[in-house]
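J.: sequence? don't have it. structure:
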């Protein structure tokens, strides 16, 4: 019977820890902008592709 009380206490402490971490994330605006990160991959230029084009214009061919 003592083990069950210990396990319930530990599970409540763990749940409160997760609740505290969630509230900290929400209150520190971690979930403020959910749209920009998903669009960033589409809007950023492809750096590797641009480097290859520059190298090809200069006559440098990359043997990959």
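T.: Looks like it came in fine. Nothing here was measured: the structure is a model prediction, and the numbers come from that model.
J.: quick check, central residue of the chain?
T.: When Cα atoms, centre = their mean is applied to the chain, the residue found nearest the centroid is residue 37 (9.2 Å).
J.: show me what the helix ranked longest in the chain is packed up against.
T.: As assigned by DSSP state H, the longest helix anywhere in the chain is helix 2-27. With contacts taken as 3 or more Cβ pairs under 8 Å, 6 or more residues apart in numbering; DSSP states H and E, helix 2-27 sits against no other helix or strand. Placement of C-beta: from N, CA and C, glycine included.
J.: ok now that helix, how far from the chain's centre?
T.: Here helix 2-27 is found 24 Å from its chain centre; the criterion is Cα atoms, centre = their mean, to the nearest Å.
J.: and what of stretch 38-47?
T.: Put simply, stretch 38-47 sits 16 Å off its chain's centre (Cα atoms, centre = their mean).
J.: low-confidence ranges, the protein, go.
T.: For the chain, applying pLDDT under 70 flags the ranges 47-64.
J.: could you redo the last one with a cut-off of 90?
T.: In the predicted model of the chain, residues 1, 29-64 satisfy pLDDT under 90.
J.: before we move on, back to that, tell me the helix or strand right after the longest helix of the chain.
T.: Per DSSP states H and E, helix 2-27 leads on to helix 36-43 as the next helix or strand towards the C-terminus.
J.: which neighbouring elements make contact with that next one?
T.: Using 3+ Cβ pairs under 8 Å, 6+ apart, helix 36-43 sits against no helix or strand.
J.: that's all I had, so thanks and see you.
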